[in-house]
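[1] give me coordinates for this.
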Amino acid sequence: MPFAKLTLRANKSRAYFDSLCKHFSRKVDVDRVDNEATVTFPKGKCHMSFSSDQMHFNVSARDQETLETVKTIIAAHVIRYGELKDTPVSWSD
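    The predicted model follows:
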């Protein structure tokens, strides 16, 4: 199962995390406990967490093509936040 991870610095990491959980829960299952959440997309998953100044995303999918789709979804949502708008999104596979 292909896997990738992303860590971003964000002073408002908790607010962004809360917003992402709320947004994704409108369309897919989000299982949240404290500062961690698992977002279950139709073909993949994203485990998200945050600390005081960082956000962590670990994505997995059934194949590489689907992994790229999940990565694109996460990146497209993260860069909407003002603080992260110009942050390069560099995934580690």
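[2] only C-alpha atoms from now on, for both contacts and neighbour counts.
    Will do.
[3] any chance you could list what contacts the helix or strand hosting residue 66?
    Here residue 66, judged by DSSP states H and E, is contained in helix 64-78. Helix 64-78 has contacts (CA atoms under 8 Å, 6 or more residues apart in numbering) with 2-4, 20, 41, 43-46, 59-61, 84-85, 89.
[4] quick check: PyMOL command selecting the buried ones in those residues.
    A single PyMOL command is used to select the members of the contacts of helix 64-78 judged buried by 16 or more other CA atoms under 10 Å:
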select buried, resi 3+4+20+41+44+45+46+59+60+61+84+89
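[5] for the protein, which segments are assigned as strands?
    Using DSSP state E, the strands of the chain run over 3-9, 29-33, 36-41, 44-50, 54-61.
[6] possible to save those as TSV with mean pLDDT and distance to residue 16?
    Converted to TSV, the strands of the chain look like this (pLDDT from 0 to 100; distance: least, CA to CA, whole Å):
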stretch	mean pLDDT	distance to residue 16
strand 3-9	94	11
strand 29-33	97	14
strand 36-41	97	13
strand 44-50	96	9
strand 54-61	96	9
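[7] JSON lines please, covering those and showing distance to residue 75.
    As requested, these are exported to JSON lines (distance: least, CA to CA, whole Å):
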{"stretch": "strand 3-9", "distance to residue 75": "9"}
{"stretch": "strand 29-33", "distance to residue 75": "17"}
{"stretch": "strand 36-41", "distance to residue 75": "14"}
{"stretch": "strand 44-50", "distance to residue 75": "12"}
{"stretch": "strand 54-61", "distance to residue 75": "10"}
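[8] of those strands, which is nearest residue 79?
    strand 3-9 (10.5 Å; CA to CA).
[9] what's that closest one packed up against?
    In this structure, strand 3-9 packs against strand 54-61, with contacts taken as 3 or more CA pairs under 8 Å, 6 or more residues apart in numbering; DSSP states H and E.
[10] need the contact partners of the strand it packs on.
    Taking CA under 8 Å, 6+ apart as the rule, strand 54-61 contacts 1-11, 13, 17, 43-50, 67, 70-71.
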